[in-house]
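Asker: what follows is a predicted structure for the sequence shown.
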Amino acid sequence: MRARRLVMAALFAALVCMLLVPVAAVAQEAPVATTIADIAGYDVDFTLPTAAKAGCLVCHGDENLIRLRQGEIVSFYVDPIQLEAGPHATVQCAGCHLDFAFTLPHAEEGEDWRRTASTACKNCHQDQYVEYGQGVHRIVVGNGASADADEKPLCGDCHGAHDIVALVDNPEGRQRLHENGWHVCGRCHEDYWDNYNDYYHGRAFKRGASDAPACWDCHGYHDIRPSDDRRSMVHESRITETCTSGDGCHNDVNTDYVAYAEIVHKQRELLEANPLFNIIQRVRLTIVGWFSG
Amino acid sequence: MSAIMSLTQLNIWLDVVFTSLYVVVVLGLSGHFIGNVLTGRVKKRFIGKQWPHHEGPPVPFLPKLLHFTHVFSMFALGISGMYIRFPFFDGGRTAMRWVHYVFMIIVTINVLWRLWYAFFARQRDWREFAITTQDIVTAPKVVLYYIFVKPSKPHLGKYNVMQKGTYILFAPLMLLQAYTGFALVTAPFIFGYSPRDLLVGWWLGVLVGATDLAGWYARTVHYTINWLFIILTTVHAYLSMTEDFPAFQNFFGMGGGHDHDEHEEHAPHGVPSPAESAGEHS
């Protein structure tokens, strides 16, 4: 009787060992280095809830979410607080990231998923998209497609992405955009940014004067057009209307008054054309030449 | 269109002419100081303590106070005004505008007060500034003294003819500056009308075709006068310090006082100075 009990205990112990050894082996293997290649194709379906962004932010809410891309560290962090404070707090991530792939990485090499996200705005902001399609920044596709399509700005290039701010009925948001003039226009239109240097508009705007006009206050925004286009806000035929249409910029102007517009982007040019300025510059350079040997 | 084109060009011209002129003035004053050193005037004054003599009682407190307030206000207005046209640091436009508004009110009150003092106060001193025939006759000698041709200048009163001319010029310039300055304010003031509407809109605006254009003319005049003040004040400060440093100290409540009369020729006997003839100063 006692021998039978011992045999049973031995069999039970053997069975337990048979079960525990593979588990221990697996447990030991798990922490071994995991590479991106290893997890590529990993199914992240479970991170996509239907009514919240919490799923994406499980990973993208981590400041350490970075990748090395062409020798540069690229952050994939999305600030949840910034996102919640923005106008798109209730929009799902996939509402903009339409081509989101449930795999890691989310896009194949060379796939322009950012472009897709930047153009997703049209699904909600159709009026603005139509206006944008009439302006100089539109991207022509098919026959007559513009060669510089890649250089054309998309919504997100001017408005930002996760840090986007509401502009309608939001003076603070408009002020923030106003302070961001270089990012919105200047970084592409460097010449015009540099020569926007007259006394009360350009210089003041670049020095952060809240009442100085930003580029779009004169040139328009979504349907912005070349200045020689009759529909342009800065076309000679419309400039008087433009100068008086802002938030009380100018009230009673005439064509003589708006001729000042000439100086807005040409102050330096006019200065250099001034004969006395040229004489002084020559004298200055001559004196500097004497001392520099 | 052509009229305003010239205004656009005029803005460029004003910048070039006045900045160049200011450099010339500073160089000229530097040269003048070297002349003072070479002719021994600096040594006589600052080491020998031989300063111009002033007859009459000391300058009362009120004109000194008004002068001090005026100097301070003009500095504040000059810096803030130049910032409004040529912003030289970030984010200061609103603050600088307020500085300009506050000091424009202070300086306007100051000027009106000083004019009242000059003409209507018990110690009214307008005669000290009045240019007489004697002043005009002796004016070339004053100029010759300042360019080191003559060793002394005629002494006819408290101020010489060039001082009088400058101080007299200051009064209308100040009033015009205040007028054109208020004409730049576009915020509604009375019954929805702005100072611009009330000061230039109804007449100059009609003449040139638009209120804002009238404002631009006002701004151009304002900017021009601003440069005249900067230049005249620089010369005034330089001469007051180098020609009569004790009086300069005295005006700012830093002591001063002197009893020498090294460089001044008194008026001929029997010809009273305007101050003396006014009977207000011994």
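Answerer: Now that the structure is in, tell me what you want to look at. Residues are numbered from 1 along each chain as shown, chains lettered A, B, ... in the order given.

Asker: which residues sit in contact with the closest residue to chain B within the stretch 51-200 of chain A?
Answerer: Relative to chain B, the nearest point of the stretch 51-200 of chain A is A:Tyr199 (5.0 Å; CB to the nearest CB). From N, CA and C alone the C-beta is placed, and that goes for glycine too. A:Tyr199 sits next to A:Gln267, B:Asn11, B:Arg85, B:Phe86 when contact means CB atoms under 8 Å, 6 or more residues apart in numbering or on different chains.

Asker: before we move on, what about B:Leu199?
Answerer: Shown in contact with B:Leu199 (CB under 8 Å, 6+ apart): B:Tyr179, B:Phe182, B:Ala183, B:Ala218.

Asker: separation between it and A:Asp79?
Answerer: Applying CB to CB, to the nearest Å, the value for B:Leu199 to A:Asp79 is 52 Å.

Asker: okay, and the helix or strand of chain B with the least pLDDT?
Answerer: helix B:274-278 (a mean of 40; mean pLDDT, DSSP states H and E).

Asker: state the mean pLDDT of the helix or strand encompassing B:Gly31.
Answerer: Per DSSP states H and E, B:Gly31 falls inside helix B:2-38. Average pLDDT, helix B:2-38: 89.

Asker: ok, and what's touching the next helix or strand after it?
Answerer: Going down the chain from helix B:2-38, the next helix or strand is helix B:41-42, by DSSP H and E. The contact list for helix B:41-42 (CB under 8 Å, 6+ apart) reads B:Phe33, B:Gly35, B:Asn36, B:Thr242, B:His263.

Asker: can you do 7 Å?
Answerer: B:Asn36 (CB atoms under 7 Å, 6 or more residues apart in numbering or on different chains).

Asker: strands along the chain, start to end?
Answerer: Chain wasn't specified; assuming chain A. A:66-69, A:72-75 (DSSP state E).

Asker: wait, chain B was what I had in mind.
Answerer: Using DSSP E, strands in chain B cover B:153-155, B:264-266.

Asker: select from those strands the stretch with the lowest mean pLDDT.
Answerer: With a mean of 56, strand B:264-266 has the lowest mean pLDDT of the strands of chain B.

Asker: so which bits of the stretch 51-200 of chain A are right by chain B?
Answerer: Applying CB under 7 Å from any CB of the partner chain, we find that the stretch 51-200 of chain A lies next to chain B at A:Tyr199.

Asker: helices of the stretch 51-200 of chain A, residue ranges please.
Answerer: A:54-60, A:80-85, A:93-96, A:113-119, A:126-132, A:155-159, A:171-178, A:181, A:190-195 (DSSP state H, counting those that start in this stretch).

Asker: quick one, which of those is packed in tightest?
Answerer: helix A:181 (a mean of 21; mean count of other CB atoms under 10 Å in any protein chain shown).

Asker: off-centre distance for that helix?
Answerer: A distance of 13 Å separates the centroid of the chain from that of helix A:181, by CA atoms, centre = their mean, to the nearest Å.

Asker: contact partners of that helix?
Answerer: Residues contacting helix A:181 (CB under 7 Å, 6+ apart): A:Phe205, A:Ala214, A:Cys215.

Asker: the last one touches A:Cys185, doesn't it?
Answerer: Yes. A:Cys215 sits in contact with A:Cys185 when judged by CB atoms under 7 Å, with a separation of 4.3 Å.

Asker: if we can go back for a sec, give the buried residues for the helix holding B:Gly31.
Answerer: Neighbour-count burial for helix B:2-38, counted by 16 or more other CB atoms under 10 Å in any protein chain shown, picks out B:4, B:7-8, B:10-13, B:15-18, B:25, B:29, B:32, B:36.

Asker: closest to B:Lys64 among these?
Answerer: B:Leu29 (24.7 Å; CB to CB).

Asker: which one of the contacts of helix A:181 has the most neighbours?
Answerer: A:Phe205 (24 neighbours; other CB atoms under 10 Å in any protein chain shown).

Asker: you'd agree that residue is up against A:Ala212?
Answerer: Yes. A:Phe205 sits in contact with A:Ala212 when judged by CB under 7 Å, with a separation of 3.9 Å.

Asker: any idea how far B:Pro140 is from A:Asn251?
Answerer: Distance from A:Asn251 to B:Pro140, by CB to CB: 52 Å.

Asker: same thing with B:Asn11?
Answerer: From B:Asn11 to B:Pro140 the distance is 37 Å (CB to CB).

Asker: also A:Phe205?
Answerer: A:Phe205 sits 52 Å away from B:Pro140, going by CB to CB.

Asker: ok, now B:His53?
Answerer: 23 Å.

Asker: low-confidence regions, the stretch 1-150 of chain B specifically.
Answerer: The model of the stretch 1-150 of chain B has pLDDT under 70 over residues B:1-5.

Asker: what about 80?
Answerer: B:1-7, B:53-57 (pLDDT under 80).

Asker: near chain A, which residues of the stretch 101-250 of chain B? Just list them.
Answerer: B:Gly205, B:Gly209, B:Ala210, B:Thr211, B:Asp212, B:Leu213, B:Trp216.

Asker: dump the residue contacts of A:Asn170.
Answerer: Residues near A:Asn170 by CB under 7 Å, 6+ apart: none.

Asker: residue nearest the centroid of chain A?
Answerer: A:Gly160 (3.5 Å; CA atoms, centre = their mean).

Asker: for stretch A:90-99, what does the pLDDT average out to?
Answerer: Taken as a whole, stretch A:90-99 has a mean pLDDT of 82.

Asker: so how far is the first residue of it from its last?
Answerer: One end of stretch A:90-99 sits 19 Å from the other (CA to CA, to the nearest Å).

Asker: equivalent analysis for stretch B:40-50, please.
Answerer: First residue to last in stretch B:40-50 (CA to CA) measures 11 Å.

Asker: mind listing what's buried along it?
Answerer: B:Arg41, B:Val42, B:Lys44, B:Arg45, B:Gln50.

Asker: just flag the most distant two among those residues.
Answerer: B:Val42 and B:Gln50 (10.9 Å).
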